[in-house]
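>>> Okay, structure incoming, though there's no sequence with it:
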């Protein structure tokens, strides 16, 4: 079995979820989960990382090195990625930004094993530039 498939099988076993629950939580079809377990196709690193986040598995993925964090400081590359994520988040329209933040809070809640709530009574959309109409003659 491929190393990625082995990791997926390990995560499924450690989660205690049935294949159908894993499919639901990862937003995949049950058939995809079966193909991973039968070594017919490989899970992406994104799927594996999401699975790990959902179940709170903090072990590094096989074959990947961990980033050293001296004195609690983030690596410069990671800091740059965080800045880029925030920049791109701020460019999203209101409702889409809210959905992304809620999804991120769901992941954080899974890490902490407790829900993180984000509520918005009303999202005010960003004003869109109006087209200038040509003056009638």
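Thanks, I have the structure now. Predicted model, so just to flag it, every value in this text is computed and none were measured.

>>> can you map out the helices along this structure?
Along the chain, the stretches classed as helices by DSSP state H are 3-15, 19-26, 30-37, 45-55, 76-90, 94-112.

>>> Ok, which of those helices comes nearest residue 62?
For the helices of the chain, the distance to residue 62 is smallest for helix 3-15, at 5.1 Å, taking C-beta to C-beta. The C-beta positions use only the backbone N, C-alpha and C, and glycine is treated the same way.

>>> any chance of the helices of the chain in a markdown table, plus mean neighbour count and mean pLDDT?
Listed next are the helices of the chain as a markdown table, based on neighbours: other C-beta atoms under 10 Å; pLDDT from 0 to 100:
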| stretch | mean neighbour count | mean pLDDT |
| --- | --- | --- |
| helix 3-15 | 17 | 93 |
| helix 19-26 | 16 | 92 |
| helix 30-37 | 17 | 95 |
| helix 45-55 | 17 | 88 |
| helix 76-90 | 11 | 72 |
| helix 94-112 | 14 | 75 |
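
>>> Let me see the domain layout of the protein.
Split into domains by automatic domain parsing, the chain comes to 3-55, 74-112.

>>> Next, format the ones you listed as CSV and append distance to residue 62.
Below are the domains of the chain laid out as CSV (distance: least, C-beta to C-beta, whole Å):
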stretch, distance to residue 62
domain 3-55, 5
domain 74-112, 20
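
>>> Tabulate the helices of the chain (TSV), appending distance to residue 61.
Converted to TSV, the helices of the chain look like this (distance: least, C-beta to C-beta, whole Å):
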stretch	distance to residue 61
helix 3-15	6
helix 19-26	16
helix 30-37	15
helix 45-55	6
helix 76-90	16
helix 94-112	16
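
>>> May I have the distance across stretch 23-31, first residue to last?
In stretch 23-31, first residue to last residue: 9 Å (C-alpha to C-alpha, to the nearest Å).

>>> What residues does residue 41 make contact with?
Residues in contact with residue 41, defined by C-beta atoms under 8 Å, 6 or more residues apart in numbering, are 32, 35.
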